[in-house]
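> I would like to see how this sequence folds:
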Amino acid sequence: MSAGGLRMERQEDVLVDPRLAETLPRRSGEISFRAPWEKRVFGIVAALCQQGRFPFDDFRWRVVSEIMMWQQASGGKEENFHFWERWLRALERTLVDRTLLSWEEISQRAGQAQHRGERDATQA
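Residues are numbered from 1 along each chain as shown. A predicted model of the protein is given here:
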């Protein structure tokens, strides 16, 4: 299957550019998510790339840049590294740079998501 000239593969019930699938953290060959928000932010990026909102290569380089900034700021202490946090920061910067959302809108949506998560946790 192709989207925008790229061959797409099915991963986690989402069509994903195979270059994207190769970069993700894995456990036993499967994409590794430790929390529901990680899976959601992965799906958001996959959907936005498929919709043509931004090219995957641009996003991939943004992730690399976020990881490099983290390494410089943290001294590269691996035990503190969290791939999906870097992925999220890359998404936020991409959304702002492409004027898809403002920092204020991102902050509002993050607060709403946190509130929903807290509410869901108390109802469980």
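
> what's the average pLDDT for stretch 35-52?
The pLDDT scores in stretch 35-52 average 91.

> residue ranges with poor pLDDT in the chain?
For the chain, applying pLDDT under 70 flags the ranges 1-23, 76, 117-124.

> please repeat the previous calculation with a cut-off of 50.
Counting by pLDDT under 50, the chain shows low-confidence ranges at 1-14, 122-124.

> all helices of it, in order?
Counting by DSSP state H, the chain has helices at residues 18-23, 36-50, 56-74, 83-97, 103-123.

> of the ones you listed, which approaches Glu30 most closely?
helix 18-23 (10.8 Å; Cβ to Cβ). Every C-beta, even on glycine, is put in place using the N, C-alpha and C of the backbone.

> ok, back up a step: mind checking which of the helices of the chain is nearest Gly29?
For the helices of the chain, proximity to Gly29 was assessed by Cβ to Cβ; helix 18-23 is nearest, at 10.9 Å.

> from Leu101, how far out is Leu48?
Leu48 is 11 Å from Leu101, where distance means Cβ to Cβ, to the nearest Å.
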